[in-house]
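> Sequence unavailable; structure follows:
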């Protein structure tokens, strides 16, 4: 009689699998809550304590860590000496292990959880059984994913002895236990004062395969920290499947609007950087102001809103070719309007970073790891460095420009007026070129740059950036400061009678 050991935290599909195995003549062995669930359902089951002849102890911490279990899992059927050894000790082979682990990550992610509660969710016996069985996949079938129950049961029903199938299941086991241990290591690392652990473990799971990467010749997939995390938690309400580039641009869009909190704000993103960003009284006004910054570049963009999208805003957006729109929610009418554009991806919800998340950039042979930039940006630590202080209106536009420039690729310059970008210079090799481009883009879009405010993501290394800004009519500048030529730059601002503030914080986005 073949034997199966069932011990699962997630009992999805358990009863169907157990009933199917019993009908095929399998003996079922189980532990604790799993055994209780099977008995209550009328499925015959044998307690693991009957197999080990040793009771569960230490509140269930010790139950399967026994030679009667691991001998039955690890014995090689093709080695007579292995089979003789277990027979001498009264150990019978175990042919199937169905185990999923304590919900460590789900527990650790709760805001109200204590360290003691997290530690209790570190599974010991489960990973040990899985690893023993998966190592011996030539003889033992190991199942860690409830989605595999039907195919496993079908294979046993057909009496299909498929080694490749067992190898595939074993690979899933080691992926699963590696991710489980990585999550535990990551949690312990977060308990220490040291921000960056000696060894970095990233427990990620594949959320979806993508049609291709940045270009059609590149295969790609989307991995997440856990099911429903971040962008994977957005509900898609319509349109085609998300692509690699869509996901990148969605991150750029949410990065752009995040500093504005619940204030109505709209960001229009191309190639992960804004081509328009604005606040307004509502979603419609914010969108119109953002679009006015650079309506040409907005073609084929990704758009993010911080507030619900109503029918009027949806009607306005539908007049433009857009790849994706993301917002906390959409009115029924808005979904109907946007749904008429069959290829437009509509995403609803709020995608947040996990607590203490780090930022990773891939380089050859490794990762660069840094803290994430602040989500909240204010002006509480600003310092006026010129003779003239900004007016209240200028201060308002400077704060907007500073929040906006944080999401623009460096070197970055933003021209702003009345809570909207009117010109953006992004990704230039010199800051003076970025300033030139911001003015040029504003002029192309028909904006008068006189009286505008300027935000620079890093300091001006020379006064030429100020000279160019003044030539365009800029009246106030916000920048980090910190250049060896700060005095020269401040003197230039005073010469022109414009206001300048230093934030003391750089907003560089490489």
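Yep, it's here. Note that this is a predicted model, so its numbers are computed, not measured.
> doesn't residue 436 make contact with residue 411?
No: using Cβ atoms under 8 Å, residue 411 is not in contact with residue 436, being 11.1 Å away. Every C-beta, even on glycine, is put in place using the N, C-alpha and C of the backbone.
> okay, the two: which has more neighbours?
Shown here are residue 411 and residue 436; by other Cβ atoms under 10 Å, residue 411 has more neighbours (23 against 19).
> In three-state terms, label the more buried one for me.
coil (DSSP: H, G, I helix; E, B strand; the rest coil).
> got a list of what it touches?
Residues near residue 411 by Cβ atoms under 8 Å, 6 or more residues apart in numbering: 425, 427, 428, 429, 430, 431, 433, 434, 457, 458.
> can you tell me which residues contact the residue most central in space within the chain?
What sits nearest the mean C-alpha location of the chain, by Cα atoms, centre = their mean, is residue 230, with 4.1 Å. Going by Cβ under 8 Å, 6+ apart, residue 230 touches 224, 351, 352, 353, 354.
> try it again with 10 Å
By Cβ atoms under 10 Å, 6 or more residues apart in numbering, the contact list for residue 230 reads 207, 224, 247, 250, 251, 254, 351, 352, 353, 354, 357.
> among those, who's most crowded?
When neighbours are counted by other Cβ under 10 Å, residue 250 leads the contacts of residue 230 with 26 neighbours.
> State the helix or strand in which residue 378 lies.
Assessed by DSSP states H and E, residue 378 sits outside every helix and strand.
> How is the residue nearest to it when sequence neighbours are not counted assigned, secondary-structure-wise?
Excluding the flanking residues, the one nearest residue 378 by Cβ to Cβ, 6 or more residues apart in numbering is residue 399, at 7.6 Å. Here residue 399 is recorded as helix under three-state DSSP.
> For residue 416, see how far away residue 399 is.
9 Å (Cβ to Cβ, to the nearest Å).
> so what sits against both of these two?
Residues touching both residue 399 and residue 416 (Cβ under 10 Å, 6+ apart) are 453, 455, 478.
> name the helices or strands packed onto the helix or strand bottoming out on mean pLDDT in the chain?
Least confident element among the helices and strands of the chain, by mean pLDDT, DSSP states H and E: helix 48-52 (a mean of 78). Counting contacts by 3 or more Cβ pairs under 10 Å, 6 or more residues apart in numbering; DSSP states H and E, helix 48-52 is packed against strand 3-8, strand 27-30, helix 32-40, helix 67-74.
> For residue 112, find the nearest of these.
With Cβ to Cβ, the closest approach to residue 112 among the helices and strands packed on helix 48-52 belongs to helix 32-40: 23.5 Å.
> Report all helices and strands that that closest one contacts.
Counting by 3+ Cβ pairs under 10 Å, 6+ apart, helix 32-40 packs on strand 3-8, helix 14-23, strand 27-30, strand 46-47, helix 48-52.
> repeat that with 8 Å
Counting contacts by 3 or more Cβ pairs under 8 Å, 6 or more residues apart in numbering; DSSP states H and E, helix 32-40 packs against strand 3-8, helix 14-23.
> looking at those, which is buried most?
The highest average neighbour count among the helices and strands packed on helix 32-40, using mean count of other Cβ atoms under 10 Å, belongs to strand 3-8 at a mean of 23.
> as a whole number, average confidence for that one?
For strand 3-8, mean pLDDT rounds to 92.
> Nearest spatial neighbour of residue 252, chain-adjacent residues omitted?
residue 272 (3.6 Å).
> quick one: that neighbour and residue 250 touch, right?
No: Residue 272 is beyond contact range of residue 250, at 9.4 Å (criterion: Cβ under 8 Å).
> For the stretch 51-200 of the chain, which segments count as strands?
Remark: strands assigned in the stretch 51-200 of the chain by DSSP state E, counting those that start in this stretch are 96-100, 141-143.
> can you list these in a markdown table and add distance to residue 66?
Compiled in a markdown table, the strands of the stretch 51-200 of the chain are given as follows (distance: least, Cβ to Cβ, whole Å):
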| stretch | distance to residue 66 |
| --- | --- |
| strand 96-100 | 14 |
| strand 141-143 | 18 |
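> Columns mean neighbour count on top of those strands, output as CSV?
Shown next, in CSV, are the strands of the stretch 51-200 of the chain (neighbours: other Cβ atoms under 10 Å):
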stretch, mean neighbour count
strand 96-100, 25
strand 141-143, 25
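> Out of those strands, which is closest to residue 183?
strand 96-100 (14.0 Å).
> now the angle between strand 3-8 and the closest one, please.
0 degrees (axes from the mean of the first three to the mean of the last three Cα atoms, to 10 degrees).
> Can you give me the domain boundaries for this protein?
Following automatic domain parsing, one finds the domains of the chain at 3-190, 237-376, 383-502.
> and those domains, which is most packed in?
Comparing the domains of the chain by mean neighbour count (mean count of other Cβ under 10 Å), domain 383-502 comes out on top with a mean of 21.
> What mean pLDDT does that one get?
Averaging pLDDT along domain 383-502 gives 95.
> now do the same end-to-end measure for that domain.
5 Å (Cα to Cα, to the nearest Å).
> Could you number the chain from 12 rather than 1 from now on?
Renumbered: residue one is now 12, and that last one reads domain 394-513.
> And residue 489, how far from residue 464?
7 Å.
> So for the two, which residues contact both of them?
Overlap of the contact sets of residue 489 and residue 464 (by Cβ under 8 Å, 6+ apart) consists of 409, 412.
> Identify the residues contacting the closest residue to residue 36 other than its chain neighbours.
Spatial nearest neighbour of residue 36, chain neighbours left out: residue 12 (6.2 Å); criterion: Cβ to Cβ, 6+ apart. Contacts for residue 12 were tallied using Cβ under 8 Å, 6+ apart; they are 36, 37, 38.
> returning to what we had before: residue 222: which of the domains of the chain is closest?
That would be domain 248-387 among those, by Cβ to Cβ, at 6.3 Å.
> Give me the average confidence score over the closest one.
95.
> Packing partners of the helix or strand hosting residue 233?
Assigned by DSSP H and E, residue 233 falls within strand 231-235. Contact here means 3+ Cβ pairs under 8 Å, 6+ apart; on that basis strand 231-235 packs against strand 216-221, helix 255-268.
> Adding distance to residue 134, write the ones you listed out as TSV.
Formatted as TSV, the helices and strands packed on strand 231-235 follow (distance: least, Cβ to Cβ, whole Å):
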stretch	distance to residue 134
strand 216-221	17
helix 255-268	32
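> I'd like to know which of those lies nearest to residue 173.
Among the helices and strands packed on strand 231-235, the nearest to residue 173 by Cβ to Cβ is strand 216-221 (23.1 Å).
> quick one: buried residues of the closest one?
For strand 216-221, the neighbour count (16 or more other Cβ atoms under 10 Å) marks 218, 221 as buried.
> Run me through the strand neighbours of it, direction for each.
strand 231-235 (antiparallel) (DSSP bridges).
> C-terminal to the partner strand, what's the next element?
Using DSSP H and E, the helix or strand that follows strand 231-235 towards the C-terminus is strand 246-249.
> How far does that next one sit from its chain's centre?
17 Å (Cα atoms, centre = their mean, to the nearest Å).
> Which other helices and strands does that strand contact?
If contacts are counted by 3+ Cβ pairs under 8 Å, 6+ apart, strand 246-249 sits against helix 343-350, strand 356-359.
> Fine, thanks again, bye for now.
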